[in-house]
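S.K.: Can you look at this prediction? I've put the sequence above it.
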Amino acid sequence: MSDIIVKDSNGNPLQDGDSVHVIKDLKVKGTNTTLKRGNLIKNIRLTGDEDAVEVRVGKATFVLKTEFLKKA
């Protein structure tokens, strides 16, 4: 099994527990929630996919594409 390197939109490597900023307003499918540009999301979790991370916003958990995230 090879180690997957997850990178943000600028190419910086991400790890479990990192904090990220949202770089674009994102409408979340299936909810009325919109993640606004500049939002700080703490304590991300890697999913095993190099293009996605799991985040917790409020009580909801979302999987976001790394192309819309920037390491804080």
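M.R.: Perfect, thanks for sending it. Numbers count the residues shown, from 1 in each chain.

S.K.: got a list of what the closest residue to residue 18 other than its chain neighbours touches?
M.R.: Excluding the flanking residues, the one nearest residue 18 by C-beta to C-beta, 6 or more residues apart in numbering is residue 44, at 5.5 Å. All C-beta atoms are positioned from the backbone trio N, CA, C, and that covers glycine. For residue 44, the contacting residues are 14, 16, 17, 18, 19, 20, 53, 54, 55, by C-beta atoms under 8 Å, 6 or more residues apart in numbering.

S.K.: Out of these, which sit inside helices?
M.R.: Among the contacts of residue 44, none falls in helices (DSSP state H).

S.K.: related to what we said a few turns ago, pLDDT value on the residue nearest to residue 18, please?
M.R.: On pLDDT, residue 44 comes in at 97.

S.K.: May I have the phi/psi pair for the nearest residue to residue 43 once chain neighbours are set aside?
M.R.: Distances taken as C-beta to C-beta, 6+ apart place residue 17 nearest to residue 43, at 5.6 Å, with adjacent residues excluded. The phi and psi values for residue 17, taken as degrees, to the nearest 10, are phi 90, psi -10.

S.K.: So residue 17 versus residue 28, what's the distance?
M.R.: 22 Å (C-beta to C-beta, to the nearest Å).

S.K.: and if you look at residue 49?
M.R.: For residue 49, the distance to residue 28 (C-beta to C-beta) stands at 18 Å.
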